[in-house]
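Q: Return atomic coordinates for the entry below.
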Amino acid sequence: MDLGIRDRVALVAASSQGLGKAVAFGLAREGVKLALCSRDGRAVEAAAESIRKETGADVFASAADVTREEQVRLFVGQAIERFGRIDICVTNAGGPPAKPFEAVGVDDWRRAIDLNLMSTVFFAREVLPGMREQRWGRLITITSLTVKQPVDNLILSNSVRAGVAGLVKSLSNEYAQHNVLVNNVCPGYTATDRLGELSSALGKSSGVAASEIEKRWTSQIPLGRLARPEEFADAVVFLCSARASYITGQSIAIDGGFAKGLL
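A: Coordinates of the predicted model:
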């Protein structure tokens with residue numbers, strides 16, 4: 001299937017590793033030009049170089065902290081200067097720490113809001129005006145299965161990412177008339193470094209091995225296994241494509257059936 005996005009320009013945030021890097025690879029294989037960012041400049045340049053070598057894609061990489069509005073503005077401006085426009089923006093950021101409510105301080109709440117909600121706001125403010133003007137755009141936010149089903153000891157993610165889902169739905173309604181589609185993708189338990197960190201933290205707090213935590217998760221997934229990053233990326237790439245022209249305002253779980261709700 002031709003996804004119709006060859007030579008489109010995509011920003012992918014937090015793309016030096018994990019889900020962001022997998023999405024960047026997926027887009028590159030479709031002939032998309034890429035602008036990648038991460039707080040670690042060397043790591044994101046290494047990711048960019050690996051994508052160039054494997055796919056031949058035109059890739060720009062820059063260090064940027066997505067919690068800092070001025071750095072997001074600079075990164076988006078650099079990408080526009082390099083490529084002339086932005087067609088696709090995939091927002092992404094690391095998850096907040098795993099803690100129960102009583103262990104979370106006010107500063108933890110503020111950091112989580114900056115990391116997951118405000119970073120999305122910053123990117124939306126920078127890319128949506130151009131997408132509206134050109135009457136074509138895709139804004140995809142990467143959040144978590146916690147949007148669909150809260151997870152124990154993830155009070156910050158459960159709360160803040162729900163706010164991102166509300167933002168996505170609101171933006172989708174505002175920008176649909178301009179042919180700009182806005183969707184939210186909600187990864188489940190996926191075999192990334194981040195998941196290893198989470199299982200270790202939860203294992204330590206409950207006095208069991210990290211492997212036991214991962215075994216518990218897997219036992220609750222109808223498909224019976226963790227996702228591969230590439231499986232998640234394939235769904236995101238489709239939502240970025242011309243073929244997904246009638247999908248907007250959705251929070252789509254890519255979780256192997258983990259979430260038990262109907263919606």
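
Q: What residues does the residue nearest to residue 176 when sequence neighbours are not counted make contact with?
A: Leaving aside its sequence neighbours, residue 176 sits nearest to residue 248 (CB to CB, 6 or more residues apart in numbering; 5.7 Å). The C-beta positions use only the backbone N, C-alpha and C, and glycine is treated the same way. Taking CB atoms under 8 Å, 6 or more residues apart in numbering, we find residue 248 in contact with 172, 176, 181, 182, 183.

Q: Quick one: residues contacting the third one.
A: Spelled out, it's residue 181. 137, 138, 139, 172, 175, 239, 244, 245, 247, 248.

Q: Centre of the chain to the helix or strand that contains it, how far?
A: For residue 181, the host element (DSSP states H and E) is strand 180-187. On the basis of CA atoms, centre = their mean, to the nearest Å, strand 180-187 sits 9 Å off its chain's mean C-alpha point.

Q: what lines up beside that strand in the sheet?
A: strand 137-142 (parallel), strand 251-254 (parallel) (DSSP bridges).

Q: Need the contact partners of the longest one.
A: By CB under 8 Å, 6+ apart, the list of residues contacting strand 137-142 from outside reads 19-20, 23, 86-92, 120, 123-124, 127-128, 130-131, 164, 167-168, 171, 175, 178-185, 187, 236, 239-240, 244.

Q: tell me the angle the lengthiest helix in the chain makes with strand 180-187.
A: Longest helix in the chain, counting residues (DSSP state H): helix 155-175. Counting by axes from the mean of the first three to the mean of the last three CA atoms, to 10 degrees, helix 155-175 points 160 degrees away from the direction of strand 180-187.

Q: Now the buried members of the contacts of strand 137-142.
A: Using 16 or more other CB atoms under 10 Å as the burial test, the contacts of strand 137-142 include 19-20, 23, 86-92, 120, 123-124, 127-128, 130-131, 164, 167-168, 171, 175, 178, 180-185, 187, 236, 239-240, 244 as buried.

Q: Let's have the contacts of residue 181 in a markdown table, adding distance to residue 42 and pLDDT.
A: As requested, the contacts of residue 181 are arranged in a markdown table below (distance: CB to CB, whole Å; pLDDT from 0 to 100):
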| residue | distance to residue 42 | pLDDT |
| --- | --- | --- |
| 137 | 31 | 98 |
| 138 | 29 | 98 |
| 139 | 28 | 99 |
| 172 | 36 | 98 |
| 175 | 35 | 98 |
| 239 | 30 | 98 |
| 244 | 34 | 98 |
| 245 | 38 | 98 |
| 247 | 36 | 98 |
| 248 | 37 | 98 |
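
Q: That's all I had, so thanks and see you.
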